[in-house]
Structure formats: C-alpha cells, structure tokens
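Undergrad: Predicted model, plus sequence, below.
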Amino acid sequence: MSKIVEYEIIRSCLQYVVERMGTVLRRCAFSPNIRDRADLSCLVCDPEGRIVVQAEHIPVHLGSMHVGMFRFLKYIQEEGLEPEPGDVYVVNDPYIIGTHLNDVTVLKPVFYNGKLVAWLVNKAHHVDIGGAYPGGLCIHARTLFEEGLVIPPTKLIARGCLRKDILNMLLNNVRMPMYTYGDLHAQISACNIGEQELCKLCEKYGVETVFQCFNYIIEHTEALTRARVRELSGAGRGEDYVELNDKLVKICVELRFSKAEIHVDFSGTDPQLDCPLNAAFGVTTASVTFVLKSILFQDIEINHGFYNVVKIEAPEGTVVNPRRPAPVGLGNVETSQRIVDAVLEALSQIMPDKVPAQSGGTMTNVILAGPGWVFYETIGCGAGACPYMDGEDAVHVYMTNTLNTPIEVIERVIPVQFIEYSIRRGSGGSGRYRGGNGIVRCFKILDRAWLSVVMDRVKLRPRGRAGGEDGLPGQVQIIKRNGTVTLSGKTTVELEPGDIVRIETPGGGGFGRP
C-alpha cells in the first residue's frame with residue numbers, strides 16, 4: 001500500500017472520529033438546545049494545537065478554534081497546567097477559546113504509550129451560564145462578567161479523577177444545573193469515544209504514521225488552497241451595519257488576493273461597544289473562513305493549512321476584535337452575520353457571478369425564562385438567491401448550522417402553547433431568482449416569563465443583488481389583551497400569562513432583475 005493511500009484511509013477514519021463524537025454528544029445531552037438543535041461542534045487537533053480534521057457542524061464554533069487552540073495551549077503552559085493521561089479540560093473564556101461564554105469547550109489530550117498524540121475538542125452551547133441575565137444573551141450587559149461565569153482553562157478531570165469541587169462550582173452558578181451536569185458529561189463522553197477510536201488508529205498504523213498523516217492533511221490543504229488562490233486576483237471593499245437601537249455600527253473590510261495569499265483587513269470598523277455586540281477575534285476569523293469556504297473552497301477541507309494562506313488583520317479595540325472585558329455574547333450570534341455580509345460584498349466586487357444576494361442574516365435569538373427554567377433557541381430565515389437558483393425557505397444561514405426546536409419539545413419543557421409555526425410567504429425578494437422566505441413563530445405564554453429577543457435586519461432589509469429586490473425585514477410583536485406592541489430587534493420584556501409572542505424572521509434578497 002502506498003503512503004498516500006494509507007494517509008487517505010487514516011484521514012477518512014479521523015473524519016469518522018469527529019462525526020461519531022458529535023453523534024454521541026448529541027444523543028447524551030440533556031438540554032434541547034444541544035440534543036434537538038445540535039448546537040455543538042467537534043474536531044481533532046495535533047499536539048501543537050493545529051486543526052487537522054473537523055466535523056460538518058457549526059461554522060462559528062469551528063472557525064474560531066484556530067485562534068482558540070493556540071491561546072489555550074499558551075495559557076496552560078504559562079499556568080503550569082500541562083496535560084497528563086486521563087485529563088479533561090473545560091474552558092469558556094471567549095478571549096481565550098474564541099466565541100462567547102455559553103459555548104463551553106471540553107478538551108481531552110490523547111496519549112498513546114505515554115506520548116501525546118492529539119487533542120480531542122468539542123464545543124457546545126449551554127442554555128445558561130449564570131450571570132445577571134437568564135441565558136446570558138442580553139443587550140443590557142455592559143461587561144463580560146454580567147454575561148455569565150467566566151471559566152479559564154481548568155482541569156475538570158485530573159488523571160482520570162473528576163474534580164467535584166470544580167463541577168460543584170459550575171453547577172452552583174447556573175440556573176439549570178441539571179442541564180449543565182448532563183451536557184458536560186455528554187461532552188466528556190464524546191471525548192472518551194474519540195479517544196478510543198484514535199488509539200485504535202495508533203495501534204493499527206503506529207503513532208509515527210498517524211503524525212505523518214496529520215502533516216500530510218495540513219500540507220495537502222495548504223497546497224490546494226494556494227493553487228486556487230493563484231488563479232485569482234484583485235481586491236474589493238465591503239461594508240455592512242449592525243443595528244443597535246437608533247445607531248448603526250459599521251463593519252468595514254478590504255479583501256485582497258496577492259502572492260498566493262488572501263489578505264483580509266478590517267481597518268475602518270467602528271470601535272468596540274459597551275454592549276455585547278462585540279465579536280471576539282475568533283468569531284471574526286470564523287466569519288471570514290465561512291465566506292471563503294462557501295464561495296471559493298467548497299471542495300477543500302478546512303484545517304491549519306488553510307490558515308497558512310489566509311491572513312486576517314482586525315485592529316484591536318474595534319467591534320471585530322475588542323479588548324477584555326468588553327461583552328461579546330451577541331457578537332457571536334449577530335455581528336458574525338454582518339461580518340459575513342461585509343466580506344461577501346467585498347468578494348462580489350472581484351467575482352460578481354459567484355456571490356449570492358444577502359440572506360435574512362440573523363440568528364433571531366429567543367431566550368425565555370421563568371422560575372427554575374431557561375429556554376434558548378435560534379430561528380431560521382430566508383436564504384439569499386444565488387446566481388443560478390432560488391434561495392431556500394426557512395433555513396439557518398451563515399454562521400449557524402443548527403436545527404429548529406420541535407414545537408412538541410418546547411411545549412413539553414416550558415409553559416408555552418404554539419399558535420403558528422409556518423413559512424412567511426412573500427418575505428423573500430423577487431428577482432430572476434427569488435430570495436428564500438422567512439419563518440413565522442407564534443406562541444402563547446402560559447405563566448409569567450421573561451423574554452429576550454435579539455434579531456438583526458429589522459431596520460435594514462436584506463439586499464438583493466444584480467437588480468434583485470430586497471427581502472422583507474424581521475419583526476417581533478407582543479399581542480396583549482389591550483393591544484399589540486411592536487418591539488425593537490434587541491430587547492428584553494416581562495410577559496404575563498395569555499400574552500402572545502409573534503416573531504417574523506427576514507426573507508433573503510433576490511438575484512437578477514425580475
């Protein structure tokens with residue numbers, strides 16, 4: 001058997017490892033957000049923290065780990081937390097691991113015959129992580145510490161022994177400890193399964209061959225990426241805006257191809273905010289990765305080799321690379337979407353026949369909470385039309401790759417009753433190819449509750465391209481006995497029994513003249 005054939009077999013086995021980790025994590029999780037919506041991601045890194053293989057999970061999770069792994073390894077080295085066999089680490093600090101506090105990352109070093117072989121990593125969105133506001137995602141937070149419990153890289157399991165003091169500390173700082181307990185153990189189980197499979201590979205092929213395969217995978221991706229970039233030339237500049245009450249927050253990016261590299265520069269972006277719409281640098285990296293992968297490198301795996309070609313500059317102190325302790329919870333879910341649109345706009349100036357119209361471009365985050373319970377979900381919208389086809393109706397777009405929460409599950413776990421769950425007909429922009437339609441989600445509150453909604457594209461409509469019309473903006477209404485109240489896109493309200501919440505998500509823009 002040739003070495004290349006052997007490496008390709010191992011590569012496919014590694015892909016199986018991360019996919020199986022994701023299956024185990026989802027099946028073992030307690031919370032609907034992870035169990036039903038699949039808000040999780042898994043990957044394998046080499047001992048130096050270089051991404052080798054990742055599953056097809058959440059773009060904002062996976063793309064942030066290139067930044068997160070190196071910062072994580074630097075931290076544990078400086079703090080004397082070197083890995084030993086049987087260890088499992090937990091971390092959620094976004095200024096280290098790269099997204100927001102709700103995304104709790106579990107990492108396991110894999111040893112074979114006493115030698116560190118790899119890092120197995122998974123990241124999952126926990127429905128509550130403590131802090132001043134249920135669910136953590138609230139526009140009113142002014143510092144990172146109001147958003148929830150900040151966990152630096154910590155050994156949750158040391159040499160095979162669960163540290164109950166650390167676990168109890170986590171459980172005593174969240175509103176739904178049962179979910180946190182179950183979801184953390186699901187993440188640990190996923191790593192344990194991955195370790196078993198990885199050790200089988202080492203036993204069958206030998207550790208040195210596995211290491212050589214890691215290098216082969218990374219070098220192969222870099223070679224393919226550089227070859228593709230050499231075929232491209234030019235530069236483009238894009239802008240987009242995050243909605244913050246009556247203010248628009250500018251994201252500015254310049255994209256340039258030169259010397260077999262891609263340069264992405266966010267100079268000109270607005271300064272960081274005193275609200276959670278800041279995007280940690282890992283999120284900015286993930287957004288750029290998503291665009292380039294989707295448009296230019298659809299058939300190329302993303303790993304460390306890709307990042308050797310892509311150079312990202314984001315001035316510190318801006319909304320795309322804030323300084324600690326600026327809050328970042330909503331930057332992960334909404335500002336990430338605007339970064340995507342800005343990069344797509346820049347890319348459209350270089351290759352206008354490849355870039356679709358704007359999608360609904362919001363995750364439409366909904367947090368409901370009451371005594372003893374917290375619920376979180378995101379709602380899909382309309383995808384932008386492509387140069388060759390209509391946009392999809394009612395899908396999660398851009399930086400999220402999650403599912404909808406079945407209404408049967410929601411009605412079982414929290415006091416609400418659904419009235420309508422449908423496609424928002426006519427919300428997609430017309431054109432030669434029509435933009436996708438958004439979603440209508442309407443439910444009645446059965447008990448006193450606290451509602452937080454975070455939605456973008458309420459004022460600025462998703463733009464069509466090449467003469468296509470814009471999609472309709474989103475809308476949130478509270479229907480009370482004495483009338484209807486239309487909310488802003490980012491708000492928090494208290495609800496009474498009988499109140500009806502109606503959410504209409506944006507449609508995508510059309511492509512080409514109708």
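TA: Yep, it's here. Please read these numbers as outputs of a predicted model, since none were measured by experiment. Residues are numbered from 1 along each chain as shown.
Undergrad: My reading is that T225 lies in a helix. Confirm?
TA: Yes. Under DSSP: H, G, I helix; E, B strand; the rest coil, T225 sits within a helix.
Undergrad: burial measure for the closest residue to it other than its chain neighbours, as a count.
TA: In space, and not counting its chain neighbours, T225 is closest to V309: 4.5 Å by CB to CB, 6 or more residues apart in numbering. In short, each C-beta sits where N, CA and C put it, glycine included. Neighbourhood size, V309 [other CB atoms under 10 Å]: 19.
Undergrad: again with the one 10 residues further on
TA: For V319, the neighbour count with other CB under 10 Å is 27.
Undergrad: I figured it was touching E334, is that so?
TA: No. Between V319 and E334 there is no contact, the gap being 11.1 Å when judged by CB atoms under 8 Å.
Undergrad: shared neighbours, those two?
TA: Each of 242, 277 lies in contact with both V319 and E334 under the rule CB atoms under 8 Å, 6 or more residues apart in numbering.
Undergrad: Point out where the stretch 251-400 of the chain drops to low pLDDT.
TA: Regions of the stretch 251-400 of the chain meeting the criterion pLDDT under 70 are absent.
Undergrad: Equivalent analysis for the chain, please.
TA: In the predicted model, the chain carries pLDDT under 70 at residues 1.
Undergrad: Which residue ranges of it form helices?
TA: 3-28, 32-35, 59-78, 144-147, 164-171, 177-205, 207-230, 281-295, 304-307, 336-348, 407-413 (DSSP state H).
Undergrad: any chance of those in TSV, with distance to G428 and mean neighbour count too?
TA: Shown next, in TSV, are those (distance: least, CB to CB, whole Å; neighbours: other CB atoms under 10 Å):
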stretch	distance to G428	mean neighbour count
helix 3-28	31	18
helix 32-35	27	23
helix 59-78	22	23
helix 144-147	34	21
helix 164-171	43	14
helix 177-205	36	19
helix 207-230	31	18
helix 281-295	19	25
helix 304-307	32	22
helix 336-348	16	26
helix 407-413	23	14
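Undergrad: a markdown table for these, including distance to R441?
TA: A markdown table is the format used below for the helices of the chain (distance: least, CB to CB, whole Å):
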| stretch | distance to R441 |
| --- | --- |
| helix 3-28 | 23 |
| helix 32-35 | 15 |
| helix 59-78 | 22 |
| helix 144-147 | 25 |
| helix 164-171 | 31 |
| helix 177-205 | 22 |
| helix 207-230 | 39 |
| helix 281-295 | 25 |
| helix 304-307 | 36 |
| helix 336-348 | 18 |
| helix 407-413 | 9 |
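Undergrad: Relative to A466, which of the ones you listed is closest?
TA: Nearest of the helices of the chain to A466, taken as CB to CB: helix 336-348 at 9.2 Å.
Undergrad: Pick out the residue nearest the middle of this protein.
TA: The centroid of the chain falls nearest to V60 when counting by CA atoms, centre = their mean (2.8 Å).
Undergrad: Excluding covalently adjacent residues, which one is nearest to that residue?
TA: Of all residues not flanking V60 in the chain, M399 sits nearest, at 4.1 Å (CB to CB, 6+ apart).
Undergrad: now do I10
TA: Using CB to CB, 6+ apart, the closest residue to I10 is C213 (4.4 Å).
Undergrad: Surely the one you found touches Y7?
TA: Yes. Under the criterion of CB under 8 Å, C213 makes contact with Y7 at 4.6 Å.
Undergrad: where do the strands sit along the stretch 401-514 of the chain?
TA: Under the criterion DSSP state E, counting those that start in this stretch, strands of the stretch 401-514 of the chain are mapped to 416-424, 438-445, 449-454, 475-480, 483-487, 490-495, 500-504.
Undergrad: okay if I get the ones you listed as TSV plus distance to Y241 and mean neighbour count?
TA: Converted to TSV, the strands of the stretch 401-514 of the chain look like this (distance: least, CB to CB, whole Å; neighbours: other CB under 10 Å):
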stretch	distance to Y241	mean neighbour count
strand 416-424	23	16
strand 438-445	20	23
strand 449-454	16	22
strand 475-480	18	18
strand 483-487	20	11
strand 490-495	14	17
strand 500-504	21	20
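Undergrad: Mind checking those strands for the one nearest to P177?
TA: Nearest of the strands of the stretch 401-514 of the chain (CB to CB): strand 449-454, 19.0 Å.
Undergrad: Please report how far the closest residue to K444 other than its chain neighbours lies from K459.
TA: Excluding the flanking residues, the one nearest K444 by CB to CB, 6+ apart is Q417, at 4.7 Å. Noted for Q417: a distance of 31 Å to K459, by CB to CB, to the nearest Å.
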